[in-house]
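Peer 1: Next one to model:
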Amino acid sequence: MLKYISCSLLFFLLLSSCQQQKPVKVEGELKKWHRITLNFEGPDTNEMDEINPFLNYRLDVTFKNGEKEFIIPGFYAADGNTAESSGDSGNVWQVRFTPDEVGEWTYSVSFKKGDNITVAENASNASSADFMDGQAGTFIISESDKTGIDNRAKGRLQYVGESYLKYAGCQDYFIKLGVDAPENLLAYTDFDVSTNALGFQKTWVPHAKDFDNSALPYVWQEYKGKNLLGAINYLASEELNVFSFLTFNVDGDDRNIFPHLLKVPIEEYEAYASVKKNKEAWETMFHKTRFDVSKLDQWERIFEYAETKGMFLHFKTHETETDHLMDKGVFGTEGKLYYRELIARFGHHLSMNWNLGEENNQPISEVIKAANYVSSLDAYNSHLVIHTFPNKDDRYAELIGDQSPLTGASLQLSHPEFNDVHPRVLKWRDKSNATGRKWALAVDEPGKANIALLPDDEDPEHNFARSRAMWGTLMAGGYGVEWYFGYASPNSDLTCQDFRSRDLFWDQNRHTLHFFNNHIPFWEMEPNDDLTTDDISYCLAKEDEIYVVYTETNADKIKLNLGDSGANFQIKWYNPRHGGELQNGSITSIKAEGIVGLGAPPSETDKDWVIHIKVDK
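Peer 2: Numbering: from 1, shown residues only. Presented below is the predicted three-dimensional model:
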């Protein structure tokens, strides 16, 4: 009888264990650099459950391959398919992971419960939440089969302690050129709980014609998402490779983007937020520690498609109107939970940065708290930056070097003709380099706020934007530019729904990318304007080997100090306005004998030209 009871008890325990730890469902292609999603069956709950599933349960999964280890935060996923269902309840919990090695990976699961456990500094001593806690398993990863611009063909874009980010797979260095507008890109009618408080809600109808069948796997609820997916396809067709977006603008310039749940009906929120002097919505109308899981799942469809189109995702997590709202400006539970949810859901993307705040004006001590938290939680160590007002960039002096985990700056400038771009990039390149920890710098908002990058019909040539902002940034050693659209023109920073409004200028961006990616080892070169004798040109050099000189005008007057090695150099010219191949000018070779003239371009000496000078080996 005792033996029978013992066997029955053993069977009951095994059955209970099987009921609590059901097999994990693995979704995605099991390939290097591809997103895989582990689906666990956890407690059956909902977004508004008395036990807050976002704050009082904590899922972490540790992935290992040899010496490599990634601890990835998970998230509550309701029914596991909320982009389609718009569901708010269920028992599915997910972890998203992009493996960087082929072969066998192991995973082990930690699932804990307790008050505020999700944002606790350490959960190792917390109570088990049962279900998948302690579960372990393996999976096999094969090589990526993707090609072309798809980020999964190139690998994770990483900060590697240099002035340029580098793809871990193909080992190429990265130049970004693309759009910083509209900042309210995610204020889109097709997302769940989309609002229109100030009339800036988007349909993206002008880009309906740019949707193609490659995006069909990323639509939701039969047809939703098509127009925004089309907009991204248009950017990629122009060979632009970055777009940016706010993920939280409550009480800000637009007020229609938030990952959190509303406490009130949409109509009540819109009525309140439509009055610009009303700035208490965060305090009165939102569940500050609860998220709209279906909306976030729909955001992921957009980002996932962008990955296939080679896009760099610029997550602007705050703007100056919002960076003081959570925890009343002191980094705490609300801010930590917000960043954890973003990192858990979107941190797996291969080409991206976290921007802690647009025009950030918080106390530096709070910036460092947020930066330390994001850095410690993001297992992939994605590029981490902050943006500031153009006249307050000296705040970076308290963040460069070992003072913070930031790896770069998102620079804003303000001169209407972009005259301040080149010197400002040089300034922070020199200052950060002097600390021994180089920052990767991008100019993400050049130009005067009301005009910035004008539409083609107002400025069809875009001469100053091209010469002083784009080439000014890259010739100073910055790694890219994102174009702000200003607020006073059609298709502005808030109203833009048609990226074709600057179509002519995108051609010039493409020509610039072609030059940097095809003709020079820019990552080995240093800005050195002192090598030319004039005050109108920029110079980028790997001395005694290769030089690039960009001049806005007087191209036939440029002189360059090539040193006295006596080596022969070949001279070619590149047209930044029209692109094409390198061309011959009036002279095709020169000897390194101190300061030498470089001849004249093939035509139009009064226009801007790029001079390519390479040692003849």
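Peer 1: what's the neighbour count on residue 389?
Peer 2: Counted by other C-beta atoms under 10 Å, the residues lying close to residue 389 total 15. Every residue, glycine included, has its C-beta placed from N, CA and C.
Peer 1: That one contacts residue 410, correct?
Peer 2: No. Between residue 389 and residue 410 there is no contact under C-beta atoms under 8 Å: 11.8 Å.
Peer 1: quick one: contacts for residue 176?
Peer 2: Going by C-beta atoms under 8 Å, 6 or more residues apart in numbering, residue 176 touches 241, 242, 312, 442, 479, 480, 481, 482.
Peer 1: mind listing the helices for the stretch 101-250 of the chain?
Peer 2: Along the stretch 101-250 of the chain, counting by DSSP state H, counting those that start in this stretch, helices occupy 226-237.
Peer 1: one step back: now pLDDT, secondary structure and neighbour count too, for the contacts of residue 176, in CSV please.
Peer 2: Formatted as CSV, the contacts of residue 176 follow (pLDDT from 0 to 100; DSSP: H, G, I helix; E, B strand; the rest coil; neighbours: other C-beta atoms under 10 Å):
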residue, pLDDT, secondary structure, neighbour count
241, 98, coil, 23
242, 98, strand, 27
312, 99, strand, 26
442, 98, strand, 30
479, 98, coil, 25
480, 98, strand, 25
481, 98, strand, 31
482, 98, strand, 23
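Peer 1: can you tell me which of the residues you listed lies nearest to residue 469?
Peer 2: Using C-beta to C-beta, residue 481 comes nearest to residue 469 of these, at 6.2 Å.
Peer 1: Which residues are in contact with the closest one?
Peer 2: 176, 177, 442, 443, 444, 446, 469, 470, 473, 474.
Peer 1: Give me the nearest residue to the first one, chain neighbours excluded.
Peer 2: Closest residue to residue 176 in three dimensions, ignoring its sequence neighbours and counting by C-beta to C-beta, 6 or more residues apart in numbering: residue 480, at 3.2 Å.
Peer 1: close enough to count as contact, that neighbour and residue 442?
Peer 2: Yes. Using C-beta under 8 Å as the test, residue 480 is close enough to residue 442 to be in contact (4.7 Å).
Peer 1: buried residues in stretch 177-196?
Peer 2: By neighbour count on 16 or more other C-beta atoms under 10 Å, the buried set for stretch 177-196 is 177-188, 190-192, 194-196.
Peer 1: just stretch 60-79 next, same as before
Peer 2: 60-61, 63, 65, 70, 72-79.
Peer 1: Low-confidence regions, the protein specifically.
Peer 2: Applying pLDDT under 70 to the chain picks out residues 1-20.
Peer 1: what residues go with each domain of the chain?
Peer 2: 21-141, 151-523, 525-615 (automatic domain parsing).
Peer 1: Deepest in the core, which of these is it.
Peer 2: domain 151-523 (a mean of 20; mean count of other C-beta atoms under 10 Å).
Peer 1: Quick one: end-to-end distance for that domain.
Peer 2: When the termini of domain 151-523 are compared using C-alpha to C-alpha, to the nearest Å, they are 20 Å apart.
Peer 1: For the stretch 401-550 of the chain, which segments count as strands?
Peer 2: Listed in chain order, the strands of the stretch 401-550 of the chain (DSSP state E, counting those that start in this stretch) span 408-412, 440-445, 480-483, 526-527, 537-542, 546-551.
Peer 1: Arrange those strands in CSV, one row each, with distance to residue 23 as further columns.
Peer 2: CSV is the format used below for those (distance: least, C-beta to C-beta, whole Å):
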stretch, distance to residue 23
strand 408-412, 42
strand 440-445, 42
strand 480-483, 44
strand 526-527, 55
strand 537-542, 55
strand 546-551, 57
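Peer 1: if we can go back for a sec, overlap in contacts, residue 480 and residue 442.
Peer 2: Joint contacts of residue 480 and residue 442 (C-beta under 8 Å, 6+ apart) are 176, 473.
Peer 1: need the contact list for the residue lying closest to residue 453 once chain neighbours are set aside.
Peer 2: Closest residue in space to residue 453, ignoring its immediate chain neighbours: residue 483 at 4.5 Å, by C-beta to C-beta, 6+ apart. Neighbour list for residue 483: 178, 179, 180, 181, 446, 452, 453, 465, 502, 505 [criterion: C-beta under 8 Å, 6+ apart].
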